[in-house]
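**Student:** Dropping a prediction and its sequence here:
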There are 4 protein chains.
Amino acid sequence: MIKAGIVGGTGYTGVELLRILALHSKVEITAVTSRSDVGIRIDALYPNLRGYLADLVFCLPTIESLSNCDVVFFATPNGTAMSMAKDLLNLGIKLIDLSADFRLKNVTEWEQWYNLTHTNPDLIAQAVYGLPEIHREALKKADLIACAGCYPTAVQLGFLPLLEKNYVDAAHLIADVKSGVSGAGRKAEIATLMSETGESFKAYAVNGHRHLPEITQGLTTMAKQAVNLTFVPHLTPMIRGIHATLYATLTSEISAEDVQNLYEARYANEEFVDVLPFGSHPDTRNVRGSNRCQIALHLPQGGKTVVILSVIDNLVKGAAGQAVQSMNIRFGLSENQGLATIALYP
Amino acid sequence: MIKAGIVGGTGYTGVELLRILALHSKVEITAVTSRSDVGIRIDALYPNLRGYLADLVFCLPTIESLSNCDVVFFATPNGTAMSMAKDLLNLGIKLIDLSADFRLKNVTEWEQWYNLTHTNPDLIAQAVYGLPEIHREALKKADLIACAGCYPTAVQLGFLPLLEKNYVDAAHLIADVKSGVSGAGRKAEIATLMSETGESFKAYAVNGHRHLPEITQGLTTMAKQAVNLTFVPHLTPMIRGIHATLYATLTSEISAEDVQNLYEARYANEEFVDVLPFGSHPDTRNVRGSNRCQIALHLPQGGKTVVILSVIDNLVKGAAGQAVQSMNIRFGLSENQGLATIALYP
Amino acid sequence: MIKAGIVGGTGYTGVELLRILALHSKVEITAVTSRSDVGIRIDALYPNLRGYLADLVFCLPTIESLSNCDVVFFATPNGTAMSMAKDLLNLGIKLIDLSADFRLKNVTEWEQWYNLTHTNPDLIAQAVYGLPEIHREALKKADLIACAGCYPTAVQLGFLPLLEKNYVDAAHLIADVKSGVSGAGRKAEIATLMSETGESFKAYAVNGHRHLPEITQGLTTMAKQAVNLTFVPHLTPMIRGIHATLYATLTSEISAEDVQNLYEARYANEEFVDVLPFGSHPDTRNVRGSNRCQIALHLPQGGKTVVILSVIDNLVKGAAGQAVQSMNIRFGLSENQGLATIALYP
Amino acid sequence: MIKAGIVGGTGYTGVELLRILALHSKVEITAVTSRSDVGIRIDALYPNLRGYLADLVFCLPTIESLSNCDVVFFATPNGTAMSMAKDLLNLGIKLIDLSADFRLKNVTEWEQWYNLTHTNPDLIAQAVYGLPEIHREALKKADLIACAGCYPTAVQLGFLPLLEKNYVDAAHLIADVKSGVSGAGRKAEIATLMSETGESFKAYAVNGHRHLPEITQGLTTMAKQAVNLTFVPHLTPMIRGIHATLYATLTSEISAEDVQNLYEARYANEEFVDVLPFGSHPDTRNVRGSNRCQIALHLPQGGKTVVILSVIDNLVKGAAGQAVQSMNIRFGLSENQGLATIALYP
């Protein structure tokens, strides 16, 4: 059994990790930290977990409390993982960071966007970006995994096949992306109250969201050239789900059928990326609670603008599920272990 | 492997059966009927099921298409199961009916409430009511199982321990119950449109809901005396979940602690009934997607009115999950086979 | 023109007062306070008000900034109104308090339930309870109006006609009440996040909610005898609206028709209480944004338990609308001035 | 008083017309038709209207029942207005059509997109497009007004200032638009059930929505050149509201400040178009129930892609409100008569 620890067990990604790992047949959860809830039973806070975690209580986030883990997940605000990473790595523990601490290779850029000083920049180089569909081989040997963010997962998987082949104009990419409010985390804030976000829709951070440099870094690598992306995130009156509507202009003479075949071929062996029939309209509910990304392709009115629709559950394929998928790869398990679930409909 | 058929595979209880059975390690789904969708792939209608049902297509609801099943589930409108039951039973097939055809023992009462003529009243006597916490022994040998309705499950499990012991006044019981809109089924109706049910709350059928005689029949059996129940159902702006708020007047001199102990003892061996600490407030989301009933007890202001809060997912413990639980019992499997899942939070 | 000030202009009841008063033809809003937003334009925070408040900015909540008002509304947390009331009353300003500071006549009880020391208990006696359907005459001369709470409004208007006549058993009253989340106010709290309250339903404070003594005080006055009420509030996944489902046992030999006639007669001259046809099911959306209470009556199965359904918009008839209605009465205006609006459907 | 008739009074745009006109001081509602509800009181179907329509009942949609009207609104499915228009116009009645019958000038195109034969193509030329911000002068004398659709209103008002000036590349326009489900109308359909649309997000009709030719016709007129628009509509889990996110590439050397000034100048005298400060994020709730369009402008990362955010309430500025605004213009009333309301927040 793999002994797993979770730092930051009370946020939504932490709880989602608990939901998945509690039923994972090769994992034993041995430590879950929460500075504010030390000593409290986990299932007292999260009654949906009653009966699945024995008598486990929250502990302090110390190196000692995590020292007998084989793997530690960070489901923390930005800035925590980088402060504990070195000590844990020195103990031979594999780290899977769901925060953004190790996602950007350019530390200067990271510090600008996150408005923090990076306390462990020397670890950035060894961190492997946790998007298995692109970095599977590197993940097999990674000691430090920087899980892809939620928006970045939906957008990168959506653009990947076309950008890899350079079939679209990389200088004019648009990602109009809509997220459920759980993406904002479990924090006491007025902006994400039910009374503020229910029955309403809005864009936010149009001038620059932290996921922009992360996405751009990924797209640039795929395209092997500079890309220019306009990224507009929106807040949607629902809890889970991301729907990315992506726009690109075809530069090659390829048909709708070609585009469809390209995506089907690229993802033929990817269990968690499901290319729907051409012209479909994926619905976020069809991936809710599952680790899937569903993608559909359109060429409206037979023109040159390709529209890619890409949906994920932000807490699963966009966070906890992808983290477990990465863990499975790192520990040589079947990639879908603990993740073979079906989305809850309706 | 148990070969299972589903009649009425396109309604919400049918789809929920598919979600559960597709992952059930002892079951093979061999036939799913839908009169209107014959020949269409199931996962074309329900993309969440892609990859889990091979190439299965909907077939006609005929005896022949179901003849090699070991068990057939009816997830149909009322009136269908009773018309096919005899022929299927004659083939040695076990029947699990999620509709109301065989729930009421009194056929006259059934015909009044359901406004139909019962075409197979002689089968009613042999039908076992599918509420395992009360009828487990009979279910082990049942050929025809009449699954409990959604409201009846939440209300009966809530009242059971107190009524069995005759600790409350059976002549003045109140069940104020709130349901998500999926309980109304997947039917083209104005009343359950998002624009009609979103952001609003209402009671309905206050003068008499079809689940009233079913609940009364169950409570009368428990109490071994006549009961009088005021049952008020409400429509809640959410998709899944039932929250029953039950009121009864204590007639015995028993303490809060006694009431709590009574419930904990009664349900000690019930995997799917979870008695929360005294004074808790169960939340429907904590059972969403799971087969659990969570119950909490209150004696407000130390008075004689006991308030019982009982929550289920109407499509799982109130329908498809309970049906699978009953199947597990009938076929000698572990009762939680295929049902050991954790509610999706948030 | 009546010069109106609002203390606490950033909460939901404060903003709702602004929405109503900005269109009230006899009122000029002269001061809106917010300690945290001094100097900020009101419509910068609330863009729905752009163009309706000229260049008004938030000011500090001082006696001076309110000194030229004719009326001051308190839309503040409990404890603020009592600290400023005396000084403002001394200036001849009429006070309308939407908080709970002056609702309970028994100061000891108030201090127990609100866990505060009352700093101005001598003002309690002169405060008139702001429920116009019961206290209209006193409101015409009131200098200090303690507006009824949201739950208390829905419950008291629902029980009033039957209790006044002593037609029901006052010792066994049940109020099962459901509220939208805006009732919890505009505060940074995890419990009322969209991710916590969306798609879920729960009861809360079953053992004792602060509105219980307020309701009991009102019912006792109506019934002219002690009453015993079991009051269970619930949180509903919507923003606005309260639905009270009330249960009482008839002690008189009166028919359904008698009950209906009783309510219609009692509220015949009440513009804001609308008795629906017998057996109706009022929907909270049909009063959303309006100052109406809609009530419907039921005698399920022809028994002795009368079920009263009473709906209001918690922010209007349960708060800001009722406050303006009270102001209209106090200043001799037409009672519906500024309140003749139609609920937004759908 | 203007005598107004409404054909199709039971759909959402019909009911919204009733809500607005019932409070319009210059209008008397004299006839409301509904084929299926003849003789039924309007407020029996819509209890929010109780007390505002006297004893008005639904009547048959005949020329006779409408013959004494000064103005008739069509809130009907496509195909009805064109069949009655000529007879009503012959009686000197002004017509305001909220359906699409007279929106497209090219009848061939109309017939292709609407899959109907147009029965009165000779009236198309005289119809004035009901978007007052563009066609105010023509509306003052129009006898037949073809109100703009909901998506077309949000998109055209968003692009108008930039296209009029030819500051953007008209060959590459993108409109990513999100609508609440009330836009689908009040029809018994599975696709818009709460259980289907709640807690989920999807695009639809990506390959071609009927509003595409309407928008293109309008944009072409503004730009005085051919335009190419990619229009992707989405269904959002809320009832009211449209949020258009528009993308265009600047072809002129103009600054963010220039763009802002351009919009503010263009809409300076438009009461119902509100240009927010540069970089704002309009929220659909801030226009809910009001006739406003709120617009905000962005130039992300200082680049050449201008992002325009434009929000309306689809049932008000996108339908009934715009129709009343057009009526006010036609009858020489103040343009905001009956429309000076404030959006309901929260």
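**Tutor:** Noted; the coordinates are in hand. Residues are numbered from 1 along each chain as shown, chains lettered A, B, ... in the order given.

**Student:** give the contact list for the residue of the stretch 1-150 of chain A found nearest chain C.
**Tutor:** Scanning the stretch 1-150 of chain A for the residue nearest chain C gives residue A:12, at 6.7 Å (criterion: C-beta to the nearest C-beta). Yep, even glycine has a C-beta here, placed from its N, CA and C like the rest. Applying C-beta atoms under 8 Å, 6 or more residues apart in numbering or on different chains to residue A:12 gives the contacts A:182, A:185-186, A:315, A:319, B:346, C:195.

**Student:** ok, so what distance separates it from residue A:272?
**Tutor:** According to C-beta to C-beta, to the nearest Å, residue A:12 and residue A:272 sit 20 Å apart.

**Student:** Residue A:14 now?
**Tutor:** 21 Å.

**Student:** ok, the two, which is more surrounded?
**Tutor:** Neighbours were counted for residue A:14 and for residue A:272 using other C-beta atoms under 10 Å in any protein chain shown; residue A:14 has more, 26 against 23.

**Student:** My guess is the more buried one contacts residue A:8. True?
**Tutor:** Yes: if you go by C-beta atoms under 8 Å, residue A:14 and residue A:8 touch, sitting 5.0 Å apart.

**Student:** which ones are touching residue A:20?
**Tutor:** A:316, A:320-321, A:324, A:338-339.

**Student:** Let me know the helix or strand that it is in.
**Tutor:** helix A:12-21 (DSSP states H and E).

**Student:** try residue A:260
**Tutor:** Going by DSSP H and E, residue A:260 is part of helix A:256-266.

**Student:** How about that helix and chain D, touching?
**Tutor:** No: contact between helix A:256-266 and chain D is absent, the nearest approach being 10.0 Å (criterion: C-beta under 8 Å from any C-beta of the partner chain).

**Student:** helices and strands around the very next helix or strand once past that helix, which ones?
**Tutor:** Where DSSP H and E defines the elements, the next helix or strand beyond helix A:256-266 is strand A:273-275. Strand A:273-275 sits against helix A:256-266, strand A:293-298, with contacts defined as 3 or more C-beta pairs under 8 Å, 6 or more residues apart in numbering or on different chains; DSSP states H and E.

**Student:** Next, the contact list for the residue of the stretch 201-346 of chain A found nearest chain B, please.
**Tutor:** Among the residues of the stretch 201-346 of chain A, residue A:343 lies nearest to chain B; the distance is 3.9 Å by C-beta to the nearest C-beta. When contacts are counted by C-beta under 8 Å, 6+ apart, residue A:343 touches A:285-290, A:292, A:313, B:48.

**Student:** ok, now residue A:163?
**Tutor:** Taking C-beta under 8 Å, 6+ apart, we find residue A:163 in contact with A:170, A:219, A:222-223, A:227.

**Student:** Doesn't it lie inside a helix?
**Tutor:** Yes: according to DSSP: H, G, I helix; E, B strand; the rest coil, residue A:163 belongs to a helix.

**Student:** ok, it to residue B:178 distance?
**Tutor:** Taking C-beta to C-beta, one finds residue A:163 at 49 Å from residue B:178.

**Student:** Point out the residues in chain A that sit beside chain B.
**Tutor:** Counting by C-beta under 8 Å from any C-beta, chain A sits next to chain B at A:12, A:15, A:19, A:22-23, A:46-52, A:182, A:186, A:198-199, A:239-240, A:274, A:276, A:280, A:282-283, A:285-290, A:294, A:340-346.

**Student:** So which of those sit within helices?
**Tutor:** Using DSSP state H, A:12, A:15, A:19 are the members of those that sit in helices.
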